[in-house]
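Q: Just to be clear, the model below is a prediction. Sequence and coordinates:
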Amino acid sequence: MTKSPQRSPRVFEDEEAAYHWVHSSFENQGTVVPDDVRSKLGLRGLVPAGVDSFANQKERALEQLRLKKSELEKYMFLSWLKNTNLQLFYRLLLDNLEEITPLIYTPTVGSACLQYSHIQPFLAPPGQLDGLFISINDLDNLDEIFQNYIAALPEPDLLPQITVITDGSRILGLGDLGVNGMGIPVGKLQLYVAAAGLDPRRTLPICLDFGTNTERYLNDKLYLGLRQQRPDDDQFFQAVDKVMKALTRHFPNIFIQFEDFSSEHAFALLDKYRDHYFCFNDDIQGTGAVILSGFINAVKQAPVEPTQHRILFHGAGSAGVGVAKQLMDYFVIEHGLSEEEAKAKFWLSDSKGLITLDRGDKLAQHKVFFARKDNEGKQFKNLLDTMDYVKPTVLIGLCAQSGVFDAKVLQRMAKLNERPIVFPLSNPLANAECTFEQAMQHTDNRVIFASGTAFPPYTIPNTQETRIPGQGNNMYIFPGLGLGATLAKPRCITDKMIYAAAEALANSLNEEETAKGLLYPRLTRIREVSVDVATALCRQALADNVAKDKVVLELGSSDALREHARVNMWEPTRSADEIMTCKI
Ligand SMILES: NC(=O)C1=CN([C@@H]2O[C@H](COP(=O)(O)OP(=O)(O)OC[C@H]3O[C@@H](n4cnc5c(N)ncnc54)[C@H](OP(=O)(O)O)[C@@H]3O)[C@@H](O)[C@H]2O)C=CC1
Ligand SMILES: CC(=O)C(=O)O
Ligand SMILES: [Mg+2]
């Protein structure tokens, strides 16, 4: 980034360092700079005379956040804060996780993406990097794009070590949002930092702008992306190939998270790249792992023999099929079932009804594996009919259809089961299949519940007992998984590593959480939980002989590995001493 030629000469002992200190969103300390350092930094007179404290800065930021009237305004405020005083932003987030996570992630990030082209210029000051936009019309300029990014890095030695990449084609349950999807990589990477201590300077959000097929955006004069239709499959795969090559040429060790690609592309990219690049798909593998973890804990609460469960999915996209495959592994690994026996426990339905081999339509490749062939020619077009046929003990929603788990569906689950397991997992909130309150009310409070977006606790009117719903969202897995992956630097992410991460999350419940019947640990413990997940991932990488990192190889599976994960987490630490000792 070029520095202002207008800058008047100031006397610094080290001008470069002073300039950097003041202008970096990472380094600058705003109103906290002590009086005697202000002259060295050329700040005298440029900030109010009172010397502030970090505690005051945080209090002021929280006060302003709470004064904002809408969630979108809060999102914009937080984004600006992150891009101007990054350490304050993360301190605020870590100290107020339950309040702020829904503002930077689901559900608010959904509204922010829908509005992205209308708010983007107000999320960061000019010149501040919020991520990389790679247009399909720029495939011949990829080296220039990455070089520009490196040149603009505040710390040229700190190259990105993790990227979340989307093409905006299936953002949450909101559909094809084109370049507006950038909010998702940005939000996910903020959680990598907050929940697992990845260094914020080394995270790279990428939005592939391959056009959009959404007319609303093509006709919106404020839309910021390419105004063209998406490419055909051949062009798409060739374009992604070029980006992958350029990305890893510039950042050879980068860990790549694929996010919110349309399902067929998501599966195809994962198949194509998983053995050749250091990567994983969050919607398929991350969601699979997080729901497996909640399922393991739900099975412990339900009065059904584990192998007697009958699991019905409503929605058979990347998330539905990804979760079903992961749960299938559970029956094979934990209960010794054969693959065919395990598969027989799953029924998947989509917009056309129960997926069977003889349904009459051409099934997308990813649906074929779970398509039933034991339906004796019967077809089931709606959910209630399918439920009457399947008699599910577990109902999982990943279809992004608001309210499809209506009173009748929930009552049917309650009739079929003493403790029905109901997971409405679609995001954001507006796409959830049902709310926690509805699930409680229509099952006589007997439901075992987890949802994609967090719902508030529910107090049972007669008894005044308060129940806390689980949040089955991949945010409980991907941060720890990314921490473990960046530590172990495995050649690839194996299925066993994903399974180990899920088991670690399931086992991370403490006594109090278990006693309360929670399926997932409390969000406030997320860093502790991420250490568990990261350690399990590293151990499995060692067992699978794919770990490459020297330190991890030396530590082996010892307890020191856990400590290694813990101490490698970045913390937004700020003390009054720090600025006094800065080398300026
Ligand atoms: N909780 C979490 O951590 C996660 C949640 N999700 C959420 O899951 C949802 C789905 O994601 P993903 O699988 O990638 O999306 P897809 O668009 O690939 O899949 C959606 C599926 O829902 C089906 N569907 C659509 N309408 C209906 C309907 N009326 N009745 C039954 N099925 C229907 C579609 O059917 P058809 O195939 O016939 O079109 C498709 O199979 C999203 O809301 C996403 O936010 C995703 C990842 C993680
Ligand atoms: C949580 C997530 O990854 C999704 O809804 O797509
Ligand atoms: Mg996703």
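A: Yep, that arrived. Numbers count the residues shown, from 1 in each chain. Ligands and ions are numbered 1, 2, ... in the order given.

Q: Which strand residues bridge the closest residue to F278 other than its chain neighbours?
A: Closest residue to F278 apart from its sequence neighbours, by C-beta to C-beta, 6 or more residues apart in numbering: F255 at 5.3 Å. C-beta: built from backbone N, CA, C; applies to glycine. Following DSSP bridges, F255 is listed with bridge partners I162.

Q: Next, count neighbours for F255.
A: Close neighbours of F255, defined as other C-beta atoms under 10 Å, add up to 24.

Q: thinking it is in contact with C279, fair?
A: Yes. In this structure F255 lies within contact range of C279 using C-beta atoms under 8 Å: 7.2 Å.

Q: what about Q57, which helix or strand?
A: In this assignment (DSSP states H and E), Q57 forms part of helix 54-67.

Q: So which residues on this structure come close to ligand 3?
A: D260, D283 (C-beta under 5 Å from the ion).

Q: Quick one: low-confidence residue ranges for the chain.
A: 1-15, 17, 574-584 (pLDDT under 70).

Q: for ligand 2, what are the nearby residues on it?
A: Residues of the chain lying close to ligand 2 (C-beta under 6 Å from any ligand atom) are L172, D260, D282, D283, N427, G452, N473, N474.

Q: residue contacts, the fourth one?
A: In other words, D283. F258, E259, D260, F261, A266, S318, A319, G322, N474 (C-beta atoms under 8 Å, 6 or more residues apart in numbering).

Q: Could you double-check that the second one sits in contact with S169?
A: Read it as E259. No. Look at E259 against S169 with C-beta under 8 Å: they stay out of range, at 10.7 Å.

Q: Compare the two (neighbour count), which wins?
A: E259 (27 against 24).

Q: Spell out the residue ranges of the strands in the stretch 301-450 of the chain.
A: Listed in chain order, the strands of the stretch 301-450 of the chain (DSSP state E, counting those that start in this stretch) span 311-314, 346-350, 353-354, 394-397, 421-424, 448-451.

Q: got JSON lines for the ones you listed, with mean neighbour count too?
A: What follows is the strands of the stretch 301-450 of the chain, written out as JSON lines (neighbours: other C-beta atoms under 10 Å):
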{"stretch": "strand 311-314", "mean neighbour count": "25"}
{"stretch": "strand 346-350", "mean neighbour count": "23"}
{"stretch": "strand 353-354", "mean neighbour count": "20"}
{"stretch": "strand 394-397", "mean neighbour count": "27"}
{"stretch": "strand 421-424", "mean neighbour count": "28"}
{"stretch": "strand 448-451", "mean neighbour count": "26"}
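
Q: and E27, which of these is closest to it?
A: strand 448-451 (39.5 Å; C-beta to C-beta).

Q: just the CA coordinates of that closest one, formatted as PDB?
A: Taking Å, rounded to 0.1, in the frame of the first residue of the first chain, the C-alpha atoms of strand 448-451 are listed here in PDB:
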ATOM      1  CA  ILE A 448     -34.000 -33.400  21.800                       C
ATOM      2  CA  PHE A 449     -33.100 -30.300  19.700                       C
ATOM      3  CA  ALA A 450     -30.300 -28.600  17.900                       C
ATOM      4  CA  SER A 451     -30.600 -25.900  15.200                       C
END
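
Q: who does that strand touch, helix- and strand-wise?
A: helix 287-301, strand 421-424, helix 436-441, strand 470-471 (3 or more C-beta pairs under 8 Å, 6 or more residues apart in numbering; DSSP states H and E).

Q: Now look at that strand and say if it contacts ligand 1.
A: No. Using C-beta under 6 Å from any ligand atom, strand 448-451 never reaches ligand 1; the gap is at least 7.6 Å.

Q: and the longest strand for the chain?
A: Longest strand of the chain, by residue count under DSSP state E: strand 203-209.

Q: What residues of the helix or strand just after that one count as buried?
A: Using DSSP H and E, the helix or strand that follows strand 203-209 in sequence is helix 215-218. Applying a neighbour-count criterion of 16 or more other C-beta atoms under 10 Å, one finds Y217, L218 buried in helix 215-218.

Q: who does helix 215-218 touch, helix- and strand-wise?
A: Where contact means 3+ C-beta pairs under 8 Å, 6+ apart, helix 215-218 is not packed against any helix or strand.

Q: How far away from the center of its chain is that helix?
A: A distance of 26 Å separates the centroid of the chain from that of helix 215-218, by C-alpha atoms, centre = their mean, to the nearest Å.

Q: Of all the residues in this protein, which one is nearest ligand 1?
A: G317 (2.1 Å; C-beta to the nearest ligand atom).
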